[in-house]
Structure formats: structure tokens, C-alpha cells
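Engineer: After the sequence you'll find the predicted model.
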Amino acid sequence: MCGIIGIVGKSSVNQALYDGLTMLQHRGQDAAGIVTCENNRFFLRKSNGLVQNVFHTRHMLDLRGNVGIGHVRYPTAGCASTAEAQPFYVNTPYGIALAHNGNLTNADVLKKELFHEDLRHINTDSDSEVLLNIFAHELHRSGRFALTDEDIFAAVRGVHRRCRGGYAVVALIMGYGIVAFRDPNGIRPLVYGKAETEKGTEYMVASESAALSVLGFNLIRDVAPGEAVFIDIEGHLSTRQCADNPGYSPCIFELVYMARPDSIMDGISVYKARLRMGKALAKKIERVYPDHDIDVVIPIPDTSRTAALPLSYHLNLKYREGFVKNRYIPRTFIMPGQSQRKKSVKQKLNVIDLEFKDKNVLLVDDSIVRGTTAQQIIEMARQAGARKVYFASAAPPVRYPNVYGIDMPSVQELLAHNRNEEQIARKIGADWVIYQDLEDLIACARKGNKNVPRFDTSCFDGDYVTGDVNQRYLENLERTRNDSAKNQQMNKESAEVIDLHNVA
Ligand SMILES: O=P(O)(O)OC[C@H]1O[C@H](OP(=O)(O)OP(=O)(O)O)[C@H](O)[C@@H]1O
Ligand SMILES: NC(=O)CC[C@H](N)C(=O)O
Ligand SMILES: [Mg+2]
């Protein structure tokens, strides 16, 4: 998952983009980048690392202008080289910089098409560079020196016709403004808002509404699936539906884990959805284990805390913070390699022994994906003297790869693949394990907005909303993006950035 942001302001936007990216840091920790423009020049700074490490004062001073876009990256395609950090840039037509959250499922085909038919060279393995060049090519079709809003919307229409998968995009077109759009199924999130200043109205687009509110922007609404929003450099906004048959199936994993609880996504409060997940899971525990002997409910920080509290309340059990999180260690699941993920769980979470000693504890997490966290946490709970350790997941078992922007490409790495609950419990060392039912999870999400007809639940049920994901695609993904393939790639990748001048 990545985070994207774009601002058309009335004064310098560098600091606001930086602050907005820190609000989206939980969506991508591997790389960060900002592009601004002023006087027909782009200014770019991007590199690997957290936002606070990528941008120093000298970079900030160089990021000049009232218009800009930004990105935090968590790779789902290509490699982790700085060459694939975003935004990406092409010089023709007009000069375009683009940032993308999501994953294209037909990137390989498009890359060939771009080379053979559109005569465009793609220099990395990133699907986002492909997306940028598709957009650029479609924009080029207008063949006009002076672009109109309609030309921009026509280019987005062209992107929808050619691209498959999940994508929320923000692009800066030199001399014109910012266009932001969302894939025709609305898999990846995107919102926009405005702020009134003494100098006039400023607009902002971002992956999550929390970034807007912190910067003083008021949320206007979500960008609709297939829709594009264009804000010209003067600050005029126009919107257009650019997909022929838009659907509406936002990714349910955003509500489970990815998004901040203080964000509103597709009209759904992430926080309230998680509270409902906790209550629904408590009801399932009552049904399945009416005579349980749980003494205390303990969340696994951070994300599960919102669900664990109503869960304990509903079961009339004590809620205790048995793990203390080191706030300086970032999220584990979105780290690049298994050894790093494994090491980080121990560094990140430490036990308060007295909450475990001689107790039957129910540990609650928002989800179990590879089982890295569960396995180690259960071991720690036992070492701290727990008598029995039960484990509850506020999401159903993750049994299928995600292909739309969350990096879980290898089915073999998923704990629940080919295992039932008993086998999972044995594998992670729990006395029993319980998962949320998928229909309950969907009900928890839908309660927030009845107008969302369907959610992308592919990692739980293998039903891919874009309809183009077949066994061959998944096998190829497994081969190219399992952990050891990624490790090999990391060892040989070069850090060269071949695009416009990057502020060093
Ligand atoms: O089964 P796994 O492969 O370990 O993945 C699932 C775990 O990873 C995430 O936590 P993470 O540490 O990334 O973030 P958090 O602090 O927001 O909970 C998630 O909340 C689970 O705890
Ligand atoms: N997680 C994401 O949204 C990743 C965006 C893009 N596919 C990349 O790998 O850079
Ligand atoms: Mg967690």
C-alpha cells in the first residue's frame, strides 16, 4: 500500500506536503518523494526511507512552488531501489509527474504495448512507471499545445480502458495543474477537500481524510470509482466520471488494517468499523466457546486495539495492555523481508509480565497474514507465565494473494493457506484460534455506508473484482514476488535514478 497526496495552494506547499506524507506514513515506509513546480520547472526529491529521513532542510528549501504532489511507498511491483521511488516523471507531453497507490494486474502486457505500439521506453520494473506512460500517451493523443479539462478527462478515460487492477493516482501536469483519479472499481481510496485562505481556496487530494483534517482542509468527498478530479493552477476544480461502467468495491483490508482509524473512507468511519468488528467477534466467541475460561483480553498493538476494547466489553472481560509498543519502530507487516519483520516484532513489543502470569489470556489482533506476529507474541505470552493463550483475529483467515496494492503476493507465505483453524492454532502455538466470519466483516463495513454495494474481499475469498486474475497470473506472481525472489532482487538492484534531476 502506498500513500498519495496533491495540493494546489496559494502559497508554498512543501511543508504541507511533508506534513501530509507523515500522516500517510503508515501506508508506506520504504521510500518517500515530493515533486513541486514553479516557473515551468519541476523540483523533485525522492529516496528510500521514512519521510523524516528523506527530506532535510536543504531539500525542503529546493521544493519550491504552490503546487505539488507526494508519495510514500510500500512496493508491490518491481524492486525497492530508489529508482522506483515515486513520483515518477516523463517529459512528454507537457512534463508530467505522477504518484500511484495500487497495483496494475496487466502491467506486463502494457509494458510491451508501450514499447511496440506507443514507442515509449520503460526503464524500471515498476507498474507505476507503466501507468504514467499510459497516461502520458493518452494525453498526447489530444495533440494540442493548449490543453483543456476535456483533454485531461479523455486521457483518464484512456487509462481506464487500458489499465486493469487497483489504482488511485495523482499527477501534476506542468503549467496546468493536478489531476487525481481512482480505478473504475474504487479499490484504492482517494478523497479530496478544500481550505479557505486569505489568498483564496486551496485544494488537496489524499489517500486518507486524516491527512486533510490535520492540514486544515475540509473533506469534500471521496473521489468516485472511475472519476477524475482536475484542479488547475489557478485553483479551479472540475470533476468528471471517466469510466464506462464504474463499479464500487473498495478494499475491505483498508478498514481492517491499512487505514488510520481517524480516517473516513468511502463514507465509512474506519474507527467505527473496527469497533463493530470487535463486537461481532465477541459474539462469535460467545457462540463457539460459550464456556470459555478467558480471564483477560489483551490487544496486540497497534491496530487491533480499537477492536479489542469493545470485544472485551461485550464479553464482560477485563481489557489490559499487556504489550508495550516501542513507538519508534514502524509497522511490521509492510516491511520488505521476513527476517526484518521477525526481528521487528521482538523489538517493537515488550510484555508486562504481571498481566500474563497464571492467567488464561485472549490475544486479539486485527488480522493474521503470515503469522509472524502471532507466533512470536504467543511465545512471549507463554514466557511471561500465561496458563492458556487463545488468539482471536478481527478479520477472516487470509488465504489468497492480494493483487491490488497490498504486498501479500505469495500464497505459500500465508499462514492460513491449506490450513484449518486447528492446524493454524498448532502452528502458532495457541490453545485455540478464532477468526471473524467474512459475512460479519462485510456487515461491519457496510453498516458504515449502505451505498457501497460490494467490497473487494479477494484476500479472504479469492474473488477478484477486476475479473482478469487467473491461475497463471497468480503463479507468476508467486514465482517473482515471494520473499526469496525479492531478496535476490534486492541484492542486485541498482540505486540509479534515471529521470529528472533529483535534489541530492
Ligand atoms: O500475521 P502477520 O504477517 O504478522 O501480519 C499481521 C500483523 O501485522 C500488522 O501489524 P503491524 O505491526 O504491521 O502494524 P500495527 O502496529 O499497525 O498493528 C497487523 O496489525 C498484524 O498485527
Ligand atoms: N503499495 C502500493 O500502492 C505500490 C504502488 C506501486 N505498485 C509500487 O510498487 O510502487
Ligand atoms: Mg499489528
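Structural biologist: Yep, it's here. Ligands and ions are numbered 1, 2, ... in the order given.
Engineer: Tell me how many other residues surround G216.
Structural biologist: 13 (other CB atoms under 10 Å). (Glycine included, C-beta is placed from N, CA and C.)
Engineer: now stretch 71-79, how far from the centre of its chain.
Structural biologist: Mean-position distance between stretch 71-79 and its chain equals 10 Å (CA atoms, centre = their mean, to the nearest Å).
Engineer: Let me know whether that stretch sits next to ligand 1.
Structural biologist: No: residues of stretch 71-79 contacting ligand 1 under CB under 6 Å from any ligand atom: none, with a closest distance of 10.5 Å.
Engineer: ok, what's across the strand from the nearest residue to Q383 once chain neighbours are set aside?
Structural biologist: Leaving aside its sequence neighbours, Q383 sits nearest to V351 (CB to CB, 6 or more residues apart in numbering; 7.7 Å). Using DSSP bridges, the beta-bridge partners of V351 come out as F323.
Engineer: show me what contacts V351?
Structural biologist: G322, F323, V324, M380, A381, Q383, A384 (CB atoms under 8 Å, 6 or more residues apart in numbering).
Engineer: can we see that at 10 Å?
Structural biologist: I298, G322, F323, V324, I377, M380, A381, Q383, A384, G385, A386 (CB atoms under 10 Å, 6 or more residues apart in numbering).
Engineer: could you flag which of the residues you listed are buried?
Structural biologist: I298, G322, F323, I377, M380, A381, A384, A386 (16 or more other CB atoms under 10 Å).
Engineer: Pick out the most distant pair among those residues.
Structural biologist: With CB to CB as the measure, no two of the buried ones among the contacts of V351 lie farther apart than F323 and A386, at 12.2 Å.
Engineer: just the helices in the stretch 301-450 of the chain please.
Structural biologist: Ranges of helices in the stretch 301-450 of the chain, per DSSP state H, counting those that start in this stretch, are 305-315, 338-348, 372-383, 421-428, 438-446.
Engineer: quick one: buried residues of the fourth one?
Structural biologist: To tie it back to what came earlier, the one meant is helix 421-428. By neighbour count with 16+ other CB under 10 Å, helix 421-428 contains the buried residues I424, A425, I428.
Engineer: S393 versus the last one, what's the distance?
Structural biologist: Put plainly, it is I428. 11 Å (CB to CB, to the nearest Å).
Engineer: how deep is the residue of the chain found nearest ligand 2 tucked in, by neighbour count?
Structural biologist: Nearest residue of the chain to ligand 2: C2, at 3.4 Å (CB to the nearest ligand atom). Using other CB under 10 Å, C2 has 27 neighbouring residues.
Engineer: hang on, isn't it packed against D30?
Structural biologist: Yes: with contact defined as CB atoms under 10 Å, C2 reaches D30; the gap is 9.1 Å.
Engineer: Please enumerate the shared neighbours of these two.
Structural biologist: What both C2 and D30 touch, as defined by CB under 10 Å, 6+ apart, is the set V72, R73, Y74, P75, I334.
Engineer: Next up, the contacts around the residue lying closest to the last one once chain neighbours are set aside.
Structural biologist: Nearest residue to I334, sequence neighbours excluded (CB to CB, 6+ apart): Y74, at 4.7 Å. Applying CB under 10 Å, 6+ apart, one finds that Y74 lies in contact with 1-3, 26-31, 80, 101, 258, 331, 333-336, 405-407.
Engineer: Okay then, goodbye and thanks.
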